[in-house]
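**Q** give me coordinates for this.
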Amino acid sequence: MTKVLVVDDDFMVAKLHSRYVSEMMGFTVVGVAHSGTQALRSVEALRPDLVLLDVYLPDMDGIGVLRGIRTAEERDPDRIPVDVLFVTAARDAGTVRAALRAGALHYLIKPFERTALQEQLRHVTAVRARLAGLDEARQEDVDELFGSRPPGTREQLPKGLAAPTADLVERTLREHPGGLSASECARAGSLSRVSARRYLEYFTETGRVEVTLRYGGAGRPERRYQWIERPRRTRP
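**A** Numbers count the residues shown, from 1 in each chain. All right, here's what the predicted structure looks like:
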């Protein structure tokens, strides 16, 4: 269970974001703060795994809060660092750069759809799970952790599809080389069946997934999706 602290000076917005988080399997809201000072105290008292942090706060900005969190972590080497996801209306490039330099995991600009925040939460979960059992990280693990890939390594996704979820579905299929149905993929990735099916069909259309039909009793045959492992290129 990922413990989340929601920080926003607007009480209604904080309540809304808390509801979005609570709707996600595997996440729980352990506290809400409406100022920078309250946020720092809550991090100390509650030790959340993730902080949803606004930039605009009444006593200090969110960048200052994040720096305060990192300073406290440096003073206590045994302390488990907290991940910070900015959720804010601040869109100037200087603030975004400052957030990244201070150690933010990602930056989500208001306004946004509920699914945008939930996609980021899934991404956080996937990254944490992926790195938890590794002694050494591969480049693809690092790319996923920092939320970026070099230009040209992923094509533009169709409208309505998000890169973090596409990565999650891809990884889920790779972890099950025997193939999965849409329902099985949805359960393994904590997605809705409809959402999983959309990404599976997209990968099928782009030639990265092979579909086979499994016939059982009465009714339609079950579609099973298997990731196509392509051979790696070798240098001449």
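**Q** hang on, residue 79 packs against residue 72?
**A** Yes. At 7.4 Å, residue 79 counts as touching residue 72 under the criterion of CB atoms under 8 Å. Using the backbone N, CA and C atoms, a C-beta is placed for each residue, glycine as well.
**Q** alpha carbons only: can I get the one helix or strand residue 12 maps to in CSV?
**A** For residue 12, the element it lies in under DSSP states H and E is helix 11-22. Backbone C-alpha positions of helix 11-22 (Å, rounded to 0.1, in the frame of the first residue of the first chain) are rendered in CSV as follows:
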residue,chain,number,x,y,z
PHE,A,11,-9.5,22.8,0.5
MET,A,12,-11.8,21.6,-2.3
VAL,A,13,-9.0,20.8,-4.6
ALA,A,14,-7.2,18.8,-1.9
LYS,A,15,-10.4,16.9,-1.3
LEU,A,16,-10.8,16.2,-5.0
HIS,A,17,-7.2,14.9,-5.4
SER,A,18,-7.6,12.8,-2.2
ARG,A,19,-10.7,11.2,-3.8
TYR,A,20,-8.8,10.5,-7.0
VAL,A,21,-6.0,8.8,-5.0
SER,A,22,-8.4,6.8,-2.9
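**Q** what's downstream of that helix, the next helix or strand?
**A** With DSSP H and E, the next secondary element past helix 11-22 is strand 27-33.
**Q** can I see the domain layout of this protein?
**A** 2-132, 154-227 (automatic domain parsing).
**Q** mean neighbour count, those domains: which tops it?
**A** Mean neighbour count (mean count of other CB atoms under 10 Å) peaks for domain 2-132 among those, with a mean of 17.
**Q** for the record, mean pLDDT for that one?
**A** In this model, domain 2-132 has an average pLDDT of 90.
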